[in-house]
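Trainee: sequence plus predicted model, see below.
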Amino acid sequence: MSLEKIISNLDLTKIKAPSGLTYSQELVRAAYLLRECIQSRINRGSMGNCISAADIADIKIEGLTLRVTLNIQNSLRPSKFYSWNKKYANVFWLLNDGYTVKKDVWFKNIPNFGYRVGEQFVEKGIKDFDSKNSLGIKINVTRPSSVII
């Protein structure tokens, strides 16, 4: 039997970590630590207090990878250009990643209107988490396929 198969059959609700908690309890604790690290970065930027523990909707464990899907409440808003393009923007990811207007329009070079430097609060929060993560858990971020819908 392969090591991978043995590990996949382990019951993480019963096996204890060196801390005395079960590994499943440690993973839940890690998910909250990740949320706190990202929250701390968000609070330093323009999205202060927009995410709460309830926003972490899906937590999946794949080996030592913790896959967390952040469902940010109220992050879909009509685009600044909604009257022309009838599209919505995911404000959370636009602020995290930054954006640049691609068309040659008069406001293209105006900060926070034609372009915005990304705050990278998710990536910086994950780095903070990694510095505190004693279990060797990896974080896999699944981004929306598009920030403009």
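Mentor: Noted; the coordinates are in hand. Numbering: from 1, shown residues only.

Trainee: could you measure from Gly114 over to Phe121?
Mentor: 22 Å (CB to CB, to the nearest Å). No exception for glycine: its C-beta is placed from N, CA and C like everyone else's.

Trainee: these two: which is more packed in?
Mentor: Ranked by neighbour count (other CB atoms under 10 Å), Gly114 and Phe121 place Phe121 first, with 23 against 16.

Trainee: I'd guessed the more buried one sits against Arg41; true?
Mentor: Yes. In this structure Phe121 lies within contact range of Arg41 using CB atoms under 8 Å: 3.8 Å.

Trainee: what sits against the nearest residue to Asp97 once chain neighbours are set aside?
Mentor: Leaving out its chain neighbours, the residue that sits closest to Asp97 by CB to CB, 6 or more residues apart in numbering is Gly118, at 4.5 Å. With contact set as CB atoms under 8 Å, 6 or more residues apart in numbering, Gly118 has these partners: 95-98.

Trainee: just the ones in strands from those, please.
Mentor: Gly98 (DSSP state E).

Trainee: tell me the confidence at Glu119?
Mentor: In this model, Glu119 is scored at 91, pLDDT.

Trainee: next one: Tyr23
Mentor: 79.

Trainee: quick check: closest non-adjacent residue to Phe107.
Mentor: Nearest one to Phe107, counting by CB to CB, 6+ apart, is Gly114 at 4.5 Å.

Trainee: I figured that neighbour hits Val101, correct?
Mentor: Yes. Counting by CB under 8 Å, Val101 is a contact partner of Gly114 at 4.5 Å.

Trainee: list residues touching both of the two?
Mentor: In contact with both Gly114 and Val101: 107-108, using CB under 8 Å, 6+ apart.

Trainee: how about the strands in the chain?
Mentor: Under DSSP E, the chain gives strands at 56-62, 65-70, 76-78, 88-90, 98-100, 115-117, 138-141.

Trainee: the last one: which residues count as buried?
Mentor: Looking back up the chat, that one is strand 138-141. Buried residues in strand 138-141, counted by 16 or more other CB atoms under 10 Å: Ile139.
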